[in-house]
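S.K.: When you get a sec, could you give me coordinates for this:
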Amino acid sequence: MPTSITITSEFSGSVVAKGATDDLSAQLLRRAGFKQIDDWHGRRHRLPTTTPLADQVAIASHAAEMLRAARYDVTLPPSPDTARMSPSVHALGPYAAEAELLSITDQIRAAEDGASLQRAVDHLLHPEHGALERVREALEAAGEQVNDLDDDAYALADRFGFASEFVSSAQSELVDSEAELRRVGAASTSYSAARSVRDHRGAALATPPAANQAKVSSSSSSAPAPCSVTGHPARAATPQR
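M.R.: Purely as a prediction, here's the structure:
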C-alpha cells in the first residue's frame with residue numbers, strides 16, 4: 001500500500017506536506033526545498049510564509065514529481081495558481097486578525113536561527129504593538145464594557161478582568177527575553193566547534209603507536225649495565241692465583 005502524501009496551502013499562506021512519515025519521502029521533500037518539523041503534532045514539512053508564490057508552486061510541483069517517481073501517492077492541486085497556493089489572509093472571513101496570527105506562527109516555526117526567531121516572536125511580545133498587548137487591552141475593555149452595559153453582570157466583568165491579568169502575567173514572564181532568543185542555538189554551535197577543534201588538536205598531538213613501539217625498543221637496546229649494591233657498575237671477578 002503506497003504512502004499517501006498531501007501537499008496543501010494553509011490559511012496563513014504556508015505550503016505544507018503531510019504524510020511523509022518514512023525517511024525516503026522526508027528526504028525527497030527536504031531536497032525539494034521543504035523544511036522538516038518534528039514536534040508533538042508529528043512529522044510534517046512546510047515552506048515558510050515568506051516564500052514567493054512562484055517558488056511555492058515550483059517547489060511543490062517538483063516535490064510531487066519526485067515523490068510520484070518513487071511510487072508515492074501524492075495529492076496536489078493539478079494547476080496550482082494564486083488562489084490555490086496562496087490564499088488571502090482574509091480567507092478566514094471576518095477573522096482577519098486570527099489569520100495574521102497564523103502567519104506569525106508560521107514565521108516562528110520557519111525560524112532557522114535565534115535572530116530570526118526573535119524577530120518573529122517580537123510581533124507577539126512588543127510592549128506597545130505586540131499581539132499580547134492588544135489582546136490584554138481588548139479583554140480589559142470587554143470587562144469594562146460589560147460593567148457599563150449591566151451593573152448586575154459584575155461577575156462576568158471580573159472574569160474578563162482576570163483574563164486580562166493572566167495575559168499581563170504572561171507578558172511579565174517573557175519580558176527581556178529578546179537577547180536570550182537571539183542566543184538560542186549559538187551556545188551549542190560554539191560548543192560543537194570548540195569540541196571539534198579539541199578533537200583535531202588531540203589527534204594531531206597524539207603519538208602514533210609505531211613511534212611508541214620504536215621508543216620502547218630504543219630504550220631496551222641502550223639499557224645501562226646492572227649496578228652493584230654500592231651503586232657502582234659490577235666488575236668481573238678477578239681470578240685467584
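
S.K.: Quick one: the strands in this structure, in order.
M.R.: Under the criterion DSSP state E, strands of the chain are mapped to 4-9, 15-18, 35-39, 42-46, 73-75.

S.K.: For those strands, give me TSV that also has mean pLDDT and mean neighbour count.
M.R.: For glycine as for every other residue, the C-beta is placed from the backbone atoms N, C-alpha and C. Below are those laid out as TSV (pLDDT from 0 to 100; neighbours: other Cβ atoms under 10 Å):
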stretch	mean pLDDT	mean neighbour count
strand 4-9	86	19
strand 15-18	88	23
strand 35-39	83	12
strand 42-46	84	18
strand 73-75	89	16
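
S.K.: low-confidence ranges in this structure?
M.R.: Counting by pLDDT under 70, the ranges of the chain that qualify are 1-2, 11-13, 40-41, 77-93, 187-241.

S.K.: mind listing what's buried in stretch 24-32?
M.R.: For stretch 24-32, burial by neighbour count (16 or more other Cβ atoms under 10 Å) applies to 25, 26, 28, 29, 32.

S.K.: So for residue 157, which of the strands of the chain sits nearest?
M.R.: Distance to residue 157, taken as Cβ to Cβ, is lowest for strand 35-39 among these, at 37.7 Å.

S.K.: Relative to the closest one, what are the paired strands and their orientations?
M.R.: Applying DSSP bridges to the sheet, strand 35-39 is found paired with strand 42-46 (antiparallel).

S.K.: Residue 26 is in contact with residue 19, correct?
M.R.: No - counting by Cβ atoms under 8 Å, residue 19 stays clear of residue 26, with 10.4 Å between them.

S.K.: sorry, back to before: ok, which of the strands of the chain comes nearest residue 162?
M.R.: Closest approach to residue 162 among the strands of the chain is made by strand 35-39 (30.4 Å; Cβ to Cβ).
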